[in-house]
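Chemist: Everything below, folded, please.
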Amino acid sequence: MRYYLYLPLAIIFKLFAKVLSPVLPLFAVVEWGPGATENSREYAPRLPTWLWWFMMDDHSLWGGEEWRTKIHPGTYKSWLGMSLWLFRNSAVNFGRYPLALPPDDPRIWQKRRRYNFKRFAIETNFGWHLDHVSRFSGTCGYVFSVKFKRIKISPL
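Modeler: Numbering: from 1, shown residues only. Below you'll find the model as predicted:
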């Protein structure tokens, strides 16, 4: 029941975060914190504490390793790269902290599904991240996700 009560709040906050994503990098402060890889630390831009729900606690505004090397290798340090990172990962900490629950809570659940069609697939993930407990808070973050993926068809 709690999941469905949180859903409108999470959707509204995520949409609000997407709208603010071009403005949020203007408030960035450079400080030490988690780096692009799991055990690295770096001096990089992060949002101040009062805007912390809009970012990810495990990456700076420069993004993760794949973002820096494959997706936006030339622009990840720019305003555009940081804005796109925040747009892609909108309000992650909001789901990881105020809406999160401890992994031993009997009320939490997670449903993951993949629906395959001819040329694309739809992947859904609803509930709390039981398969990814936050290394910082030790909680399972709230998740509602629908992803559309292209299926590559190999020639015969």
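Chemist: Which stretches in the protein count as helices?
Modeler: Secondary structure of the chain (DSSP state H): helices at 2-20, 65-66, 79-88, 92-96.
Chemist: will you turn those into a markdown table that also has mean pLDDT?
Modeler: Formatted as a markdown table, these follow (pLDDT from 0 to 100):
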| stretch | mean pLDDT |
| --- | --- |
| helix 2-20 | 94 |
| helix 65-66 | 88 |
| helix 79-88 | 95 |
| helix 92-96 | 92 |
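Chemist: deepest of these, which one?
Modeler: helix 92-96 (a mean of 23; mean count of other Cβ atoms under 10 Å). For glycine as for every other residue, the C-beta is placed from the backbone atoms N, C-alpha and C.
Chemist: That one packs against which elements?
Modeler: helix 2-20, strand 140-150 (3 or more Cβ pairs under 8 Å, 6 or more residues apart in numbering; DSSP states H and E).
Chemist: buried set for the shortest one?
Modeler: Along strand 140-150, these residues count as buried under the neighbour rule (16 or more other Cβ atoms under 10 Å): 140, 141, 142, 143.
Chemist: helices and strands around that strand, which ones?
Modeler: Partner elements for strand 140-150 (3+ Cβ pairs under 8 Å, 6+ apart): helix 2-20, helix 92-96, strand 120-133.
Chemist: Go through the helices of the chain and name the closest to residue 56.
Modeler: helix 92-96 (4.4 Å; Cβ to Cβ).
Chemist: thinking again about what came up before, including distance to residue 33, could the buried residues of strand 140-150 go into TSV?
Modeler: What follows is these, written out as TSV (distance: Cβ to Cβ, whole Å):
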residue	distance to residue 33
140	22
141	18
142	22
143	23
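Chemist: Which of those lies at the shortest distance from residue 38?
Modeler: Closest to residue 38, out of all of those and judged by Cβ to Cβ, is residue 141, at 16.5 Å.
Chemist: List the residues that contact that closest one.
Modeler: 92, 95, 96, 97, 99, 100, 128, 129, 132, 134 (Cβ atoms under 8 Å, 6 or more residues apart in numbering).
Chemist: Thought residue 132 was touching the third one, still the case?
Modeler: By that I understand residue 96. No: applying Cβ atoms under 8 Å, one finds residue 96 not in contact with residue 132, separated by 9.8 Å.
Chemist: Look at the closest residue to residue 139 other than its chain neighbours and say how many residues are nearby.
Modeler: Leaving aside its chain neighbours, residue 139 sits nearest to residue 100 (3.8 Å; criterion: Cβ to Cβ, 6 or more residues apart in numbering). Residues within reach of residue 100, counting by other Cβ atoms under 10 Å, total 23.
Chemist: Fine by me, we can end here.
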